[in-house]
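J.: Predicted model and sequence follow; I will ask about them next.
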Amino acid sequence: MPDVHAARGGITGTAPADIRRNRIDTVLRHSPLQPVFRALAAGRLAVLAYHGIDDRRSFAAQMARLARTARPVSLARVEQALREGRPLPPRSVLVTFDDGDRSLLTHGLPVLARHGIPAAAFVIAGLIGGDRPFWWSEAAFLVGHGGTADGLPPGTAPDAAVRLLKRLPDGERRRRLEGLRSTAAAPAPRQPQLSPEDLRTLRDAGVAIGNHTVDHPCLDTCTREESAEQVERAHHLLAGWLGEEPTSFAYPNGNPDPHAERALAGLDYRTAFLFDHRHDRRLPRQPLRISRLRVNACTTPHRFDTILSGLHPAVHRLRGGS
Ligand SMILES: [Zn+2]
């Protein structure tokens, strides 16, 4: 399972692990394989999967690079290619953001607008307009402040606790989270979320709004009914706020689920996205399971280049990454 919410690959830090990682990125970037992979990648579709924008300057440099070297396309353009059965142009890149962190609006949108880069944002409908934190941030905070629950004894590392919670049947995850809330020394800080008006602002500025469930459970840990309800309730909430039905979905944590997929097909969704660190075809074969590349706003330039070329994903898989 990809470690979505702990993954911070590419941060330029001074810890030994960061230094080692940066050295590997530099070696890969200058290896003779990089131009070979880059040439092959030109014939594939790159869908970049971001979360929040925690490093504005680095994100601006990444978008400048995309504008210069790739062909940014909109979600509507991807869906048009699928509808017409015609592959997207070479070097097509779609930029996407999961979870709807407010930094997309405050930090990301001005950069996207400056370069004329369209994007798509997959938002957690149950959080819109409120100030509840993402559940994984809340769980990590509570564990770090002495919270305990079954299977989460004192001393559990926050990242390990989140990984464990993601694997539990969803009802169990919710019960453990309640346990953490009632035992931690302090409640998690509130987190202002995007409002319905913010969603319309993003949409009108070229960021298509997609469905990312009501409250972000891993759908493969849900029952058939829970999974369908997560898709359908979020769909109707978004349609109400936007005045149009969403046509695209991103699986929470990237975990695909057949029950969710059936619900998406029933609502006439055109596209749904994974988080599997792969390119896809310029005409994706499985529109409800389109591959994406994992990237952070703080990914270093060397790593950004090798992610776009497909060399980083290939090495990641060779080393046993999921
Ligand atoms: Zn997510």
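T.: Good, I have the coordinates.

J.: Check whether Pro158 really touches Val143, as I assumed.
T.: Yes. Using C-beta atoms under 8 Å, Pro158 is in contact with Val143, at 4.7 Å. Where you see a C-beta, it was placed from the backbone N, CA and C, and this is true even at glycine.

J.: Those two: which has the busier surroundings?
T.: The neighbour comparison of Pro158 against Val143 (other C-beta atoms under 10 Å) goes to Val143, with 26 against 18.

J.: Okay, helices next: where are they in the stretch 151-300 of the chain?
T.: Applying DSSP state H, counting those that start in this stretch to the stretch 151-300 of the chain gives helices spanning 158-167, 170-183, 196-204, 224-242, 258-266.

J.: Give me the contact list for the longest one.
T.: Under the criterion C-beta atoms under 8 Å, 6 or more residues apart in numbering, residues 123-126, 128, 170, 196, 199-200, 203, 209, 211-215, 217, 219, 222, 245-246, 249, 257, 259-260, 262-264, 267 lie in contact with helix 224-242.

J.: ok and the residue in the stretch 201-322 of the chain nearest the ion?
T.: In the stretch 201-322 of the chain, the residue that lies nearest the ion is Pro252 (4.9 Å; C-beta to the ion).

J.: what's Arg285 sitting at in phi/psi?
T.: The phi/psi pair for Arg285 (degrees, to the nearest 10) reads phi -80, psi -30.

J.: what's the neighbour count on it?
T.: 8.

J.: just Arg163 next, same as before
T.: 15.

J.: Ok, Ala228 next?
T.: A count of nearby residues for Ala228, using other C-beta under 10 Å, gives 20.

J.: just the one 3 residues further on next, same as before
T.: The number of residues packed around Val231, counting by other C-beta under 10 Å, is 24.

J.: how near is it to Ser248?
T.: Distance, Val231 to Ser248, by C-beta to C-beta, to the nearest Å: 12 Å.

J.: which residues do the two both contact?
T.: Asn211.

J.: nearest spatial neighbour of the residue in the stretch 1-150 of the chain that the ion sits nearest to, skipping sequence neighbours?
T.: In the stretch 1-150 of the chain, no residue comes nearer to the ion than Asp98, which is 4.0 Å away by C-beta to the ion. In this structure, Asp98 finds its nearest non-sequential neighbour in Phe122, 5.0 Å apart by C-beta to C-beta, 6 or more residues apart in numbering.

J.: And Ser195, by the same measure?
T.: Gly129 (5.0 Å).

J.: Give me the three-state assignment for the residue nearest to the spatial centre of the chain.
T.: Centrality entry for the chain: nearest residue to the mean C-alpha point is Asp98, 3.8 Å, by C-alpha atoms, centre = their mean. Three-state assignment for Asp98 (DSSP: H, G, I helix; E, B strand; the rest coil): strand.

J.: show me the residues around it that make contact.
T.: 4, 49-51, 121-122, 212, 250, 275.

J.: On the pLDDT front, check it for me.
T.: At Asp98, the pLDDT value in this model is 98.

J.: Equivalent analysis for Arg57, please.
T.: 94.

J.: which stretch of helix or strand covers it?
T.: Arg57 belongs to helix 56-69 when assigned by DSSP states H and E.

J.: what's the next secondary structure element after that helix?
T.: Following helix 56-69 in sequence, per DSSP H and E, is strand 71-72.

J.: Which strands border that following strand, and is each parallel or antiparallel?
T.: strand 92-99 (parallel) (DSSP bridges).

J.: chain center to the strand it pairs with: distance?
T.: Relative to its chain's centre, strand 92-99 lies at 8 Å (C-alpha atoms, centre = their mean, to the nearest Å).

J.: so it versus helix 56-69, what angle?
T.: 160 degrees (axes from the mean of the first three to the mean of the last three C-alpha atoms, to 10 degrees).

J.: Alright, calling it a day.
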